[in-house]
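K.L.:
any chance you could fold what I've pasted below:
(2 chains)
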Amino acid sequence: MLNNPYLTISKVKLLSVSFFATIIPHFLRLPIWVSLLVIACVVWRFHLSNTGSAIPNLLTRISLITLAIILIFLQYGALFGRDPGVAFLILMLGFKMLEMKTKRDVLFFLFLNYFVIITNFLYSQNFLLAIYMFIAVWFITSVLININRLNSTSNLKIDFRLSFTIIAQALPIMLVMFLLFPRIDSSIWKLPEDARNSSTGLSDKMSPGDISKLIKNHKIAFRVKFAKQAPEKKNMYWRGPVLSQFDGRSWNSLIPKPINLLTHRLEGKSYSYTITLEATGKKYLPTLDIPGSAPENAYLSQEYSAYSNFKVDSRKSYSLYSRAKNADNSYSSPNRRIYTRSFSRTNPKTHRLIKQLVSNSYSDKELIEKVLLKFRNQNYVYTLNPPILGKHSIDDFLFKTRRGFCEHYASAFVVMMRSAGIASRVVTGYQGGEYNPVGNYYIVRNSDAHAWAEVWLPGQGWLRVDPTAYIAPERIEKGIDASLRNESNWDRSQYSKNAIVRNISLYWDSLNNSWNQWVLGYGEELQAKLLSLLGFDNPNWQQLVILLFALIAMTLLIVFLYYNYRKTRLKKDEAEISYIKFCKKIERAGLTRYNWEGPQAFSKRVANYKDDLAKESLVIFDLYIDIRYGDKVTSALLHQFKVLVKNFQPNKQQN
Amino acid sequence: MLKFAQSFTRRRLKGPESEPIVISRKRIYIMPNRLGMIFSIVVFTMLFGSINYDNSLGYALSFLLIGIGFISILHTHSNLAHLRIECGSAKSVHAGSFSIFKLNLGSNRDQKFNIKIENAHSKDNVDISFKDKSRVKLKLPSTKRGYLAIGKFKVSTDYPFGIITAWSWVELDFNSLIYPLAEDEKVAVEMSSSHKTSIANLDQSRNDDFMGFRNYQNGDSPKQLYWKYFPANDLLLTKQFAGGGEDDIWLNWETVAHLPIEIAISRLCRWVLICGQSQNKYGLILGSNSIKPNNGEAHKHECLRQLALFKS
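P.N.:
From the prediction side, this is the model:
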């Protein structure tokens, strides 16, 4: 018994194509049982259509849905949220496949296929996925068109071509709406927690080993484009959270308080730049050295770190200028109590050493140099794999293991300074960056994470001191890879590429950067810039909507006119076009064809009109009548006709 | 909504037009249909999600689909525009049954897909290839004899996406001739056998006028027997003629003129059908009009045509 005669096997084939086109990227992420269940549904559907059996009854369908809900809950521990939501949607579509009967069901199914594409963008929005989007839309639309035809399976080519045309015509509308649709930069309702990708970055705490964990991550932290000149690579210190509180083992930052920017004075060369920060899930915004001001919706802390008012949950761009140094020439350090606090109960050896050094030094500067020279001359090793440190971690490090990473050196250095009564603090951030000549910007990766120290000297203010530069100068000058070349667990794959691969990856990153900046980063801010370029300063949304609709209407009109123009041209065949040309030529020679006049009648009139005109024109008339009314029209005949018409020059013969 | 708009636009039709009708752009109405509403709900959900998640590619996809929706208006419109509708044939039927109008649809611009043609009683759909004709059928119930006009019908399409319907109302000058309803065979036979009403007119009528039926009597010519009536009713009847002639039968209006006109006509109609089954030649006299005795299909239809149009 044929219970679903509408859904023939060929239609099922088409629907499966469209269905799989939309869910393939999800297959890589979904639990295997979801994928298998969906495939089973499709296979089952094929079986039903093949044998013409009835669709599963209501009870079966309800139990399938219940089963799916239970399985999803067991898998994810929740029914709502990104991952369970997507799994649920895809399973429902699989079940929909089973119960489709009418054309309306089928069309609704295809609309939902469009919906599934958008769920991919919750995971990634890169350039390749955009291309995928167009291909998937093309597939679904073609199937949609095919379903709407009567003989739906006869010729898929027509559907694919028409669908391509329609998408091409829809592109201008998409573009106009993308650019002009009023954008707001905040959510309408709260996002589920898993809507954002997990992110990595610096923290406002530092225990030994934290930064080396980050360094093993080669993901891009941010990209920087300098407006004019870039500083030398060795001077690129990207400031992150400043850590000032030491508890004997780990470092914590002070609670950031905005400073008064009016009294914020800087000195040194000024650099303007734009940073595009990847999502960190935290509030800090890396800046070069000391920023002159704070980006929008952000502030500068008392320790010159920039903090956003909101967590950076998605890629964020900000422009700033920075200089190397704060112009502080006072003679008393602010909050000296905090910046000189060290735990004298722990690390006794270090304190003793410092007391000895202090008594041998004439100035703070000399003391600093002595400490740094000690690092350089006493076989300290720069390594990602330092041995475990005991309770007196600084003592152990300085006197026993002598192996450490930037965070160990910075931390040891600051403890020593504080022990000597010099105000000092640890600064975390990034150092260096990879230049991309293609897009003229720098790529800073998590592996460029770094920690250094700042000391406060009377009359000079806070000065940067990087102990790592004394132990492993190549880290600062050439980058992280140069200093860790011989480490066993250092992943060198990012760096050891040959020139071609390296170039391609630079181009790729440049493309991604532009994509991030101009497409994914297109929001309220860029829209305002674009509109002011178009002459709309401070546009309100009514103006935007009017402009939007005007442009859409214009696009539609252009497509409509183009469409009709093409059709009218299509209507006339080539022979007719040539014949009309021919008649116009005769008209110039003095004889006009009446609208109702056929070629035979007209040729008689021409023959009676002028002998010389008749001679040549009669051949053409005969040929036209042949083409029009003869039984065989070859392209050669048509070509001959066109050539004859082209060479027909009645005016010249007259002279 | 769509239904309302369609019935509203129906009223704007002025009256029947002669063939061929080419659906010009001016007379096409276009509106999203129910699937269009579903499509927009899906797309606006996507747009709302994109706004909330500030998802650029989500925006792009939503806008692409909105663009496709807009563009499909043009494609649906052009799928209906320049459709040519010509009258085909309409076979005559007796009043009370459905009359079938055949129409030829063509296009000399491009091929058209899934063109629906619809009136209150039937619908049909068809694909039309370039410079070719496709045939569609419309059914219309006939209630009385005479000409039945095809009436207003709707030509529509929702190709290519099924989300937007373009329609146009058409009323062609296209009629079907409806034959009278034939009187019930039993009634027609028995009424004319029991009351010999027509005998009164014997003198005015010609010799061989058909007078009705009477019960079989010995000696009746087998040629005059109404055989067909026998198996069902177990009653052998003889066709009775005024002149007793056996060659040509005349069916005369005057023999039934005393009856109400529609009943009279439907009786004559039945007689024509009965005579059409026999080999005899028969003729029809309707007042001043007469059709010479003959037989065959064409002759039968001519008689029925005259009956259909008589005094109507």
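
K.L.:
tell me the domain ranges of the chain?
P.N.:
Defaulting to chain A. A:9-123, A:207-336+A:422-519, A:574-654 (automatic domain parsing).

K.L.:
can you look at chain B instead?
P.N.:
B:2-179, B:185-309.

K.L.:
how close does whatever residue of the stretch 51-200 of chain B ends up closest to chain A sit to A:M174?
P.N.:
For the stretch 51-200 of chain B, the residue closest to chain A is B:G67, as judged by CB to the nearest CB, at 3.1 Å. The way it works is simple: take the backbone N, C-alpha and C, and place the C-beta from them, glycine included. When distance is defined by CB to CB, to the nearest Å, B:G67 is 5 Å away from A:M174.

K.L.:
who has more neighbours, the two?
P.N.:
Each of B:G67 and A:M174 has its neighbours counted (other CB atoms under 10 Å in any protein chain shown); B:G67 has more, 25 against 21.

K.L.:
identify, out of the domains of chain B, the most deeply packed stretch.
P.N.:
Of all these, domain B:2-179 carries the top mean neighbour count, a mean of 19, counting by mean count of other CB atoms under 10 Å in any protein chain shown.

K.L.:
end-to-end on that one?
P.N.:
With CA to CA, to the nearest Å as the measure, the first residue of domain B:2-179 is 38 Å from its last.

K.L.:
out of the domains of chain A, the one nearest chain B is which?
P.N.:
domain A:9-123 (4.3 Å).

K.L.:
quick one: the strands in the stretch 401-550 of chain A?
P.N.:
Using DSSP state E, counting those that start in this stretch, the strands of the stretch 401-550 of chain A run over residues A:403-404, A:424-431, A:434-436, A:441-445, A:449-457, A:461-465.

K.L.:
could you give the angle of the fifth one to strand A:461-465?
P.N.:
Between strand A:449-457 and strand A:461-465, the angle comes out at 140 degrees (axes from the mean of the first three to the mean of the last three CA atoms, to 10 degrees).

K.L.:
which positions in strand A:449-457 come out as buried?
P.N.:
A:449-457 (16 or more other CB atoms under 10 Å in any protein chain shown).

K.L.:
repeat for stretch A:400-412
P.N.:
Neighbour-count burial for stretch A:400-412, with 16+ other CB under 10 Å as criterion, is recorded at A:401-412.

K.L.:
go on, stretch A:48-63?
P.N.:
Within stretch A:48-63, the residues scored as buried using 16+ other CB under 10 Å are A:48-49, A:55-56.

K.L.:
so what's the gap between it and the chain middle?
P.N.:
Computed by CA atoms, centre = their mean, to the nearest Å, the chain-centroid distance of stretch A:48-63 equals 43 Å.

K.L.:
for that stretch, measure first residue to last.
P.N.:
Terminal residues of stretch A:48-63 are spaced 19 Å apart (CA to CA).

K.L.:
check which helices and strands the helix or strand hosting A:G94 sits against.
P.N.:
Assigned by DSSP states H and E, A:G94 belongs to helix A:82-99. Packing partners of helix A:82-99 (3 or more CB pairs under 8 Å, 6 or more residues apart in numbering or on different chains; DSSP states H and E): helix A:9-27, helix A:32-51, helix A:58-76, helix A:103-120.

K.L.:
just say which of these is most tucked in.
P.N.:
Stretch with highest mean neighbour count among the helices and strands packed on helix A:82-99: helix A:103-120 (a mean of 20; mean count of other CB under 10 Å).

K.L.:
that one and chain B in contact?
P.N.:
Yes - using CB under 8 Å from any CB of the partner chain, helix A:103-120 reaches chain B at A:103-104, A:107-108, A:111-112, A:114-115, A:117-118.

K.L.:
could you point out the helix or strand that follows that helix?
P.N.:
That would be, after helix A:103-120 and using DSSP H and E, helix A:127-147.

K.L.:
can I get that following helix in CSV? Just the C-alpha atoms.
P.N.:
The C-alpha coordinates for helix A:127-147 follow below in CSV (Å, rounded to 0.1, in the frame of the first residue of the first chain):
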residue,chain,number,x,y,z
PHE,A,127,36.5,32.5,6.0
LEU,A,128,36.2,28.8,4.8
LEU,A,129,32.9,28.5,6.6
ALA,A,130,31.6,31.5,4.7
ILE,A,131,32.4,29.7,1.5
TYR,A,132,30.7,26.6,2.8
MET,A,133,27.7,28.7,3.7
PHE,A,134,27.2,29.7,0.1
ILE,A,135,27.6,26.2,-1.2
ALA,A,136,25.2,24.8,1.3
VAL,A,137,22.6,27.5,0.5
TRP,A,138,23.1,26.8,-3.2
PHE,A,139,22.4,23.1,-2.6
ILE,A,140,19.3,23.6,-0.5
THR,A,141,17.9,26.2,-2.8
SER,A,142,18.3,24.0,-5.8
VAL,A,143,16.5,21.2,-4.1
LEU,A,144,13.8,23.7,-3.1
ILE,A,145,13.3,24.8,-6.6
ASN,A,146,13.3,21.2,-7.9
ILE,A,147,10.6,20.2,-5.4
